[in-house]
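Q: No letters, just coordinates:
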């Protein structure tokens, strides 16, 4: 399945209405369990009271950059992506005081080397898109300050949907494989866990997979989509909560925090 056309259509809506961006970010928090895991990790590992420098690698819609800029008044965020349209639109949307703390550029993570060093690096759903993942991890290690953290979210090799995503160069990782690559790059593992276990996968099927399948069959389903999502929201919220509380023995996603 190709997700880029869907993302482009969403981006066009973001440009059409400034308030839609905040609404989208809030909806993504409700629907995407991954965002809950990532934001929870950010909140644990990015300390308040210090001037923090964050590298949002493969920033996409910049929802994590926005989260950090809102919660850490001294934080400065640098975003990088091969496709900077989304990031440029985000920068233009920011208020003046936040815009001063946000910068970005276009670049390939396999070859780009930042000039600055960072306390925290975010690599959210990007490694599965990149042929030379070891070059990326080495680049992250070189620009991370001593004691700084790298947060990774990626599909696991049990994610059947990831195997049929057109933009992926690999179907995902096992935890053991990703840990081994991180340790080879010099990192020490702080946290590792599966996300989207039984409950999270059930929530994903209800809130993401099923609606997308219906919309692919007919755009007429868009008319009833809001009512469907409202109906399943109490259940998916509970299921996502259970997924985060339980220690999943397996799952279709991986969350890792590594330290230099």
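A: Yes, it's here. Here the structure is a predicted model, which means the values were calculated and not measured. Residues are numbered from 1 along each chain as shown.
Q: Any figure for the gap between residue 99 and residue 82?
A: Using C-beta to C-beta, to the nearest Å, one gets 22 Å for the distance from residue 99 to residue 82. The way it works is simple: take the backbone N, C-alpha and C, and place the C-beta from them, glycine included.
Q: Show me the shaky parts of the stretch 151-260 of the chain.
A: Residues of the stretch 151-260 of the chain meeting the criterion pLDDT under 70: 159-169.
Q: show me where it has strands.
A: Taking DSSP state E, counting those that start in this stretch to define them, one finds strands in the stretch 151-260 of the chain at 188-195, 253-259.
Q: List the pairing partners of the last one within its sheet, with orientation.
A: What it means is strand 253-259. Partners of strand 253-259 in the sheet, by DSSP bridges, are strand 144-155 (antiparallel), strand 188-195 (antiparallel).
Q: Give me the distance from the first one to the chain's centre.
A: In this case it means strand 144-155. A distance of 13 Å separates the centroid of the chain from that of strand 144-155, by C-alpha atoms, centre = their mean, to the nearest Å.
Q: What residues sit buried inside it?
A: 144, 148-155 (16 or more other C-beta atoms under 10 Å).
Q: Any chance of those residues in a markdown table with distance to residue 254 as columns?
A: Conversion of the buried residues of strand 144-155 to a markdown table gives the following (distance: C-beta to C-beta, whole Å):
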| residue | distance to residue 254 |
| --- | --- |
| 144 | 20 |
| 148 | 20 |
| 149 | 16 |
| 150 | 13 |
| 151 | 11 |
| 152 | 7 |
| 153 | 7 |
| 154 | 5 |
| 155 | 7 |
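Q: among these, which two are most distant?
A: Spatially, the most separated pair among the buried residues of strand 144-155 is 148 and 155, at 24.8 Å (C-beta to C-beta).
Q: in the stretch 1-150 of the chain, which ranges drop under the pLDDT threshold?
A: Ranges of the stretch 1-150 of the chain meeting pLDDT under 70: 1-18, 49.
Q: for it, what spans make up the strands?
A: Going by DSSP E, counting those that start in this stretch, the stretch 1-150 of the chain shows strands at 53-57, 76-81, 102-106, 118-124, 144-155.
Q: Could you export these as CSV, including distance to residue 244?
A: Below are the strands of the stretch 1-150 of the chain laid out as CSV (distance: least, C-beta to C-beta, whole Å):
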stretch, distance to residue 244
strand 53-57, 22
strand 76-81, 25
strand 102-106, 29
strand 118-124, 16
strand 144-155, 13
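Q: for those, which one sits closest to residue 197?
A: Ranked by C-beta to C-beta, the member of those that lies closest to residue 197 is strand 144-155, at 13.6 Å.
Q: in the chain, which spans are helices?
A: 4-16, 18-31, 33-45, 63-71, 85-93, 96-99, 133-143, 160-163, 175-184, 198-204, 210-217, 225-245 (DSSP state H).
Q: mind checking which of those is nearest residue 122?
A: helix 63-71 (5.5 Å).
Q: could you give the angle of that closest one to strand 76-81?
A: Put simply, helix 63-71 runs at 170 degrees to strand 76-81, going by axes from the mean of the first three to the mean of the last three C-alpha atoms, to 10 degrees.
Q: Report the buried residues of helix 63-71.
A: Applying a neighbour-count criterion of 16+ other C-beta under 10 Å, one finds 63-69 buried in helix 63-71.
Q: The residues you listed into JSON lines, with extra columns for distance to residue 197?
A: Listed next are these as JSON lines, based on distance: C-beta to C-beta, whole Å:
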{"residue": "63", "distance to residue 197": "23"}
{"residue": "64", "distance to residue 197": "22"}
{"residue": "65", "distance to residue 197": "28"}
{"residue": "66", "distance to residue 197": "28"}
{"residue": "67", "distance to residue 197": "24"}
{"residue": "68", "distance to residue 197": "27"}
{"residue": "69", "distance to residue 197": "31"}
